[in-house]
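Asks: Mind folding the following:
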Amino acid sequence: MSERPNRYSAVAITLHWLIALAILSMIPMGLWMSDAINDPAQQALAYRVFQIHKSVGFLILTLTVLRVLWRLSHPVPALPLEMKGWEQFAARATHVAFYALMIAMPLTGWVYVSSGWAVTTDHPLAVATSWFGLFGIPHIGFVEHAAEVARRNIAFASMGAHTFMAWGAVVLVALHVGAALKHQFLNRDGVLAHMVPVFKHVDGPTAAEPKASTKWAERMAGLGLIAVLAVAGAIAARPAPMTEGPAKAPVAASAPQDADVVAGTAQAWTIDKAQSNIAFSGTHSGAPFTGTFGEWDAKVWFDPADLAGSKAVVTISTASGKTGDATKDGSLGGAEWFDPATYPTARFEADSFTALGGNRFEARGTLRIKSMTVPVVLPFTFNEASGVATVEGKVELDRTAFDLGMASDAAGSWVSKAIEVTIKVRAERAS
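Replies: Residues are numbered from 1 along each chain as shown. The predicted structure is shown next:
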């Protein structure tokens, strides 16, 4: 049997304190944001804190898995011999409980966000998950795609378990810190030096390795404590029966296909994609956001002297809509928003143009997003010099008319109903 070390390894110490700092930051975040998220004055900040909370949770989960693997492959310091048997049992069981808690809490949080349901409002709320905005984290498939009633029940149960375990974490942290300080300043047995290198190690007899049966009893006690907290929380958080179902978005039998384009008779133009863009903007939790569509195609025939023969058809890849925020972009790609898997393109077609005076014009047509086709009037300016035209236009759209975000946010409490779309186009006369 290998000799037990005097203190934990540098890797174990580093992981311990990283996880400790993360947990200590999570508790006040969770307590504050659960109330602030429903306060319009604090909603924008609470949303950002919620995203940080999720990211830190996944960090804790990853670090804990690494720490468990490290501990299984590296011996740990023995406890002092003068510790009573029940103290040794409690110390080891508490360590197991901590490990279980640091894995179970992030997992229940992951289940909750995967459900797409907000327990505070008892309403669907589909929000994508990203890790500190750097990359998306997929939701748990069987939870995300479960039936509506099942997702609601899962959301309440997982959040109830998450909340009870959070309070359990507060108690365990208090006990852990209290025990460490007791050993350092009352018992003076050097236990704290195992994890804090600045403290001096105290030589003395150490307790023998517990029997295998005792080890299993310690593990079961620690795991049982967390299981009781989780089950109690899940039961206590059972939702009331649904009195009415959430708003349901229209469902199309199949995605419409883009028809072949019938050319206009006016002057044809070739779009310079590098010098052109289609952008959108709105507000989320009271804070402005902007985005662009990276992939689109436009066929334009336009002549101020031949408005009757003018026409424009723009096809946009819905999957290319990006805001630069991984969480928002993940939500845009969900079934509740653009749903690119079912509706890969949006289409604007204008075949009626009106001169408004000077360089100002108006294009009338239809915009199809998902299964919804809505009449749209797009005011724009047209300027031409040496066969090169610049076009700028702006239109405000009501996202609810296009079945965007209707299950989670039909009222516009989170994402503004009004979404502004701007176009800037540079084009050359086609030969």
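Asks: residues contacting residue 232?
Replies: residue 164 (Cβ atoms under 8 Å, 6 or more residues apart in numbering). Every residue, glycine included, has its C-beta placed from N, CA and C.
Asks: May I have stretch 10-22 as PDB, with CA atoms only?
Replies: Output of stretch 10-22 as PDB, limited to C-alpha atoms (Å, rounded to 0.1, in the frame of the first residue of the first chain):
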ATOM      1  CA  ALA A  10      -1.400  20.800  -6.700                       C
ATOM      2  CA  VAL A  11      -4.000  19.700  -9.200                       C
ATOM      3  CA  ALA A  12      -6.500  18.700  -6.600                       C
ATOM      4  CA  ILE A  13      -5.900  22.000  -4.600                       C
ATOM      5  CA  THR A  14      -6.400  24.000  -7.800                       C
ATOM      6  CA  LEU A  15      -9.600  22.200  -8.800                       C
ATOM      7  CA  HIS A  16     -10.900  22.500  -5.200                       C
ATOM      8  CA  TRP A  17     -10.500  26.300  -5.000                       C
ATOM      9  CA  LEU A  18     -11.800  26.900  -8.600                       C
ATOM     10  CA  ILE A  19     -14.900  24.900  -7.800                       C
ATOM     11  CA  ALA A  20     -15.300  26.600  -4.400                       C
ATOM     12  CA  LEU A  21     -15.100  30.100  -5.900                       C
ATOM     13  CA  ALA A  22     -17.600  29.100  -8.700                       C
END
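Asks: Now do that stretch: distance to the chain's middle.
Replies: How far stretch 10-22 lies from its chain's middle: 25 Å, per Cα atoms, centre = their mean, to the nearest Å.
Asks: Equivalent analysis for stretch 58-69, please.
Replies: 20 Å.
Asks: What residues sit buried inside it?
Replies: Buried residues in stretch 58-69, counted by 16 or more other Cβ atoms under 10 Å: 58-61, 63-64, 67.
Asks: cool, stretch 129-144 as well?
Replies: Buried, per 16+ other Cβ under 10 Å, within stretch 129-144: 129-131, 133, 136-137, 139-140, 143-144.
Asks: Check what contacts it and list those residues.
Replies: By Cβ under 8 Å, 6+ apart, stretch 129-144 touches 51-52, 54-55, 58-59, 110-111, 113-116, 128, 151, 154, 325-327, 329-330.
Asks: before we move on, back to that, so of the buried residues of stretch 129-144, which two are at opposite extremes in space?
Replies: Using Cβ to Cβ, the buried residues of stretch 129-144 reach their maximum pairwise distance at 133 and 143, which is 22.9 Å.
Asks: sorry, back to before: point out the least confident one among the buried residues of stretch 129-144.
Replies: In terms of pLDDT, residue 133 ranks lowest among the buried residues of stretch 129-144, with 87.
Asks: Surely residue 300 is in a strand?
Replies: Yes: membership of residue 300 in a strand is supported by DSSP: H, G, I helix; E, B strand; the rest coil.
Asks: tell me the contacts of it?
Replies: 268-269, 271, 311-313, 425, 427.
Asks: ok, now with 7 Å
Replies: 269, 271, 312, 427 (Cβ atoms under 7 Å, 6 or more residues apart in numbering).
Asks: Relative to residue 315, how far out is it?
Replies: Distance of residue 300 to residue 315, given as Cβ to Cβ, to the nearest Å: 12 Å.
Asks: Same question for residue 415.
Replies: 24 Å.
Asks: Show me how far stretch 324-343 is from its chain's centre.
Replies: That offset, for stretch 324-343, works out to 12 Å (Cα atoms, centre = their mean).
Asks: got the buried residues for it?
Replies: Quick answer for stretch 324-343 (16+ other Cβ under 10 Å): 325-340, 343.
Asks: Identify the bridge partners of the residue most central in space within the chain.
Replies: By Cα atoms, centre = their mean, the chain has its centre lying nearest to residue 129, at 2.1 Å. Per DSSP bridges, the residues bridged to residue 129 are residue 137.
Asks: Below-threshold pLDDT in the stretch 101-250 of the chain: ranges please.
Replies: Low-confidence segments of the stretch 101-250 of the chain, defined by pLDDT under 70, are located at 201-207, 243-250.
Asks: Quick check: buried residues in stretch 286-302?
Replies: 289, 291-293, 296, 298-302.
Asks: Let's have the residues you listed in a markdown table, adding distance to residue 177 and pLDDT.
Replies: As requested, the buried residues of stretch 286-302 are exported to a markdown table (distance: Cβ to Cβ, whole Å; pLDDT from 0 to 100):
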| residue | distance to residue 177 | pLDDT |
| --- | --- | --- |
| 289 | 41 | 95 |
| 291 | 46 | 97 |
| 292 | 50 | 97 |
| 293 | 52 | 97 |
| 296 | 57 | 96 |
| 298 | 63 | 95 |
| 299 | 68 | 95 |
| 300 | 69 | 96 |
| 301 | 74 | 96 |
| 302 | 72 | 97 |
